[in-house]
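**Student:** What follows is a protein structure lacking sequence information:
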(Lines give C-alpha, C1' and ligand atoms only; values in the text may rest on other atoms or scores of the structure.)
Protein backbone atom coordinates (compact mmCIF):
# COMPACT_ATOMS: atom_id res chain seq x y z
CA UNK A 1 0.00 0.00 0.00
CA UNK A 2 1.31 3.45 -0.88
CA UNK A 3 2.03 5.95 1.84
CA UNK A 4 3.63 9.31 2.42
CA UNK A 5 7.28 9.82 3.26
CA UNK A 6 8.81 7.36 5.72
CA UNK A 7 10.62 8.40 8.86
CA UNK A 8 14.33 9.16 8.46
CA UNK A 9 16.36 5.93 8.62
CA UNK A 10 20.05 5.02 8.61
CA UNK A 11 21.42 4.16 5.17
CA UNK A 12 21.83 0.49 4.26
CA UNK A 13 23.98 -1.41 1.77
CA UNK A 14 21.01 -1.28 -0.61
CA UNK A 15 20.60 2.50 -0.35
CA UNK A 16 24.38 3.00 -0.69
CA UNK A 17 24.17 0.94 -3.88
CA UNK A 18 21.50 3.28 -5.27
CA UNK A 19 23.66 6.31 -4.42
CA UNK A 20 26.68 4.67 -6.08
CA UNK A 21 24.65 4.19 -9.26
CA UNK A 22 23.70 7.88 -9.50
CA UNK A 23 27.09 9.31 -8.38
CA UNK A 24 28.25 10.14 -11.92
CA UNK A 25 24.95 11.93 -12.60
CA UNK A 26 25.33 13.95 -9.39
CA UNK A 27 28.91 14.88 -10.32
CA UNK A 28 27.76 16.04 -13.74
CA UNK A 29 24.88 18.05 -12.28
CA UNK A 30 27.04 19.75 -9.60
CA UNK A 31 30.17 19.97 -11.79
CA UNK A 32 32.19 18.49 -8.91
CA UNK A 33 34.18 15.29 -8.37
CA UNK A 34 33.51 13.61 -5.02
CA UNK A 35 36.21 11.40 -3.50
CA UNK A 36 33.80 10.41 -0.74
CA UNK A 37 30.16 9.61 -1.52
CA UNK A 38 28.66 7.91 1.52
CA UNK A 39 24.92 7.61 2.13
CA UNK A 40 24.16 8.51 5.75
CA UNK A 41 20.37 8.77 6.08
CA UNK A 42 17.37 8.32 3.82
CA UNK A 43 13.61 8.53 3.54
CA UNK A 44 11.40 6.92 0.92
CA UNK A 45 7.85 6.87 -0.40
CA UNK A 46 6.10 4.70 -2.93
CA UNK A 47 3.96 5.69 -5.86
CA UNK A 48 4.58 4.70 -9.47
CA UNK A 49 7.91 3.50 -8.12
CA UNK A 50 9.98 4.47 -5.10
CA UNK A 51 11.24 7.99 -4.52
CA UNK A 52 14.26 8.25 -2.23
CA UNK A 53 15.57 11.27 -0.37
CA UNK A 54 19.23 10.77 0.64
CA UNK A 55 21.67 12.59 2.89
CA UNK A 56 25.13 11.92 1.44
CA UNK A 57 28.50 12.83 2.97
CA UNK A 58 30.79 14.08 0.19
CA UNK A 59 33.89 14.69 2.31
CA UNK A 60 34.61 16.15 5.73
CA UNK A 61 31.81 18.43 6.87
CA UNK A 62 30.24 18.60 3.38
CA UNK A 63 26.87 17.01 2.71
CA UNK A 64 24.38 16.99 -0.14
CA UNK A 65 20.77 15.84 -0.40
CA UNK A 66 19.58 13.78 -3.36
CA UNK A 67 16.11 13.08 -4.67
CA UNK A 68 16.17 9.83 -6.68
CA UNK A 69 13.30 7.96 -8.37
CA UNK A 70 13.43 4.20 -8.96
CA UNK A 71 10.87 2.78 -11.36
CA UNK A 72 9.01 -0.39 -10.46
CA UNK A 73 10.68 -3.60 -11.68
CA UNK A 74 7.86 -4.15 -14.20
CA UNK A 75 8.90 -0.81 -15.79
CA UNK A 76 12.60 -1.68 -15.86
CA UNK A 77 13.61 -0.55 -12.38
CA UNK A 78 15.72 2.32 -13.79
CA UNK A 79 17.05 5.10 -11.54
CA UNK A 80 16.52 8.79 -12.25
CA UNK A 81 18.26 11.63 -10.41
CA UNK A 82 15.52 14.20 -9.84
CA UNK A 83 17.28 16.90 -7.81
CA UNK A 84 20.39 17.76 -5.80
CA UNK A 85 20.76 20.21 -2.92
CA UNK A 86 24.30 21.24 -2.04
CA UNK A 87 25.83 22.95 1.01
CA UNK A 88 23.98 20.84 3.56
CA UNK A 89 25.13 19.92 7.07
CA UNK A 90 24.72 16.71 9.10
CA UNK A 91 22.02 18.48 11.12
CA UNK A 92 19.85 19.50 8.15
CA UNK A 93 16.67 17.43 8.15
CA UNK A 94 15.66 15.39 5.12
CA UNK A 95 12.71 17.32 3.75
CA UNK A 96 11.26 16.77 0.27
CA UNK A 97 12.39 19.34 -2.31
CA UNK A 98 12.48 20.04 -6.03
CA UNK A 99 15.09 22.15 -7.79
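**Tutor:** Looks like it came in fine. Owing to the predicted nature of the structure, the values given are computational and were not obtained by experimental measurement. Numbering: from 1, shown residues only.

**Student:** now the strands for this protein?
**Tutor:** 9-10, 38-46, 49-57, 63-71, 79-88 (DSSP state E).

**Student:** Could you export the ones you listed to TSV, including columns for mean pLDDT?
**Tutor:** Formatted as TSV, those follow (pLDDT from 0 to 100):
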stretch	mean pLDDT
strand 9-10	98
strand 38-46	96
strand 49-57	96
strand 63-71	97
strand 79-88	96
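
**Student:** right, so of these, which gets closest to residue 20?
**Tutor:** Closest approach to residue 20 among the strands of the chain (Cβ to Cβ): strand 38-46, 8.6 Å. Placement of C-beta: from N, CA and C, glycine included.

**Student:** in that closest one, what counts as buried?
**Tutor:** In terms of neighbour count (16 or more other Cβ atoms under 10 Å), strand 38-46 has its buried residues at 39, 40, 41, 42, 43, 44.

**Student:** what angle separates it from strand 63-71?
**Tutor:** Angle between the axes of strand 38-46 and strand 63-71 is 40 degrees (criterion: axes from the mean of the first three to the mean of the last three Cα atoms, to 10 degrees).

**Student:** Residue 6 contacts residue 50, correct?
**Tutor:** No - look at residue 6 against residue 50 with Cβ atoms under 8 Å: they stay out of range, at 10.1 Å.

**Student:** what do those two both touch?
**Tutor:** residue 44 (Cβ atoms under 8 Å, 6 or more residues apart in numbering).

**Student:** Can you give me the neighbour number for residue 19?
**Tutor:** Residue 19 is flanked by 21 other residues according to other Cβ atoms under 10 Å.

**Student:** which residues touch it?
**Tutor:** 11, 37, 38, 39, 54, 56, 66, 68 are the contacts of residue 19 under Cβ under 8 Å, 6+ apart.

**Student:** ok, now with 6 Å
**Tutor:** 39, 54, 56 (Cβ atoms under 6 Å, 6 or more residues apart in numbering).

**Student:** So which of the residues you listed is the closest to residue 89?
**Tutor:** Nearest member of the contacts of residue 19 to residue 89, counting by Cβ to Cβ, is residue 56, at 12.4 Å.

**Student:** What about the closest one, how many residues nearby?
**Tutor:** If you count neighbours by other Cβ under 10 Å, residue 56 ends up with 26.
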